[in-house]
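K.L.:
dropping a prediction and its sequence here:
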Amino acid sequence: MPALAPLSRARSALRLAACRLAARAAAACGLALMLQPSAAAAQQTYVVGSDRGGYLHDRLIELSNLQKHGVRVEIRGKVCYSTCTMFLGLPGACVDPATTFGFHGPSRGGRRLTQEKFDYFSRVMAQYYPAPLQSWFMAEGRNRISGVHKIKGSEIIRMGVPACSRA
């Protein structure tokens, strides 16, 4: 597992760089965005392919940037595990019914946290989930540290997250 950490960091860095590039492009077109903010935001879409997660801190920065710039997120990959599932909480996010979502509780490299930190970081993650999923995560999903609880996108859609339109 530790060998994957540099890959996850690199992937997160690439996503962050993409968000920054989108922000710079938006700034360069500032007048157009000021005149038509909703039209400009509607044109920005970030498609999440297969994503096995990453560091919570990195994902929170990415989510903040996407939300700040009004980027719509479509979760369409084969898998969306760990911190990838937090995309579900962004306004206008949609999911592919065939995507498999994987949930687990917060840890430090697979090692348990103190109860105080475990509860805190569980709440941070859960705030990005729709209410039914949030309740399940706090009661059950977060208690798994190794491996993941798998839920299909079709079930996430039944919990209130919209399905992505066919591409």
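P.N.:
Received the coordinates, thanks.
K.L.:
from E62, how far out is P130?
P.N.:
20 Å (C-beta to C-beta, to the nearest Å). The C-beta positions use only the backbone N, C-alpha and C, and glycine is treated the same way.
K.L.:
the more surrounded of these two?
P.N.:
E62 (21 against 14; other C-beta atoms under 10 Å).
K.L.:
just the C-alphas of the helix or strand hosting the more buried one, formatted as CSV.
P.N.:
Of the helices and strands defined by DSSP states H and E, E62 is found in helix 56-68. The C-alpha coordinates for helix 56-68 follow below in CSV (Å, rounded to 0.1, in the frame of the first residue of the first chain):
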residue,chain,number,x,y,z
LEU,A,56,-8.1,13.7,2.6
HIS,A,57,-6.3,17.1,2.8
ASP,A,58,-5.5,17.0,-1.0
ARG,A,59,-9.1,16.1,-1.8
LEU,A,60,-10.5,18.9,0.3
ILE,A,61,-8.4,21.4,-1.6
GLU,A,62,-9.6,19.9,-4.9
LEU,A,63,-13.2,20.0,-3.8
SER,A,64,-12.9,23.6,-2.6
ASN,A,65,-11.4,24.7,-6.0
LEU,A,66,-14.1,22.9,-8.0
GLN,A,67,-16.9,24.3,-5.9
LYS,A,68,-15.4,27.8,-5.9
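K.L.:
tell me the helix or strand right after that helix.
P.N.:
Downstream of helix 56-68, the next assigned helix or strand under DSSP H and E is strand 72-75.
K.L.:
quick one: contacts of that following strand?
P.N.:
Applying C-beta atoms under 8 Å, 6 or more residues apart in numbering, the contact partners of strand 72-75 are 41-42, 44-48, 66, 84, 87-88, 90, 92-96, 99, 153, 164.
K.L.:
noted, bye for now.
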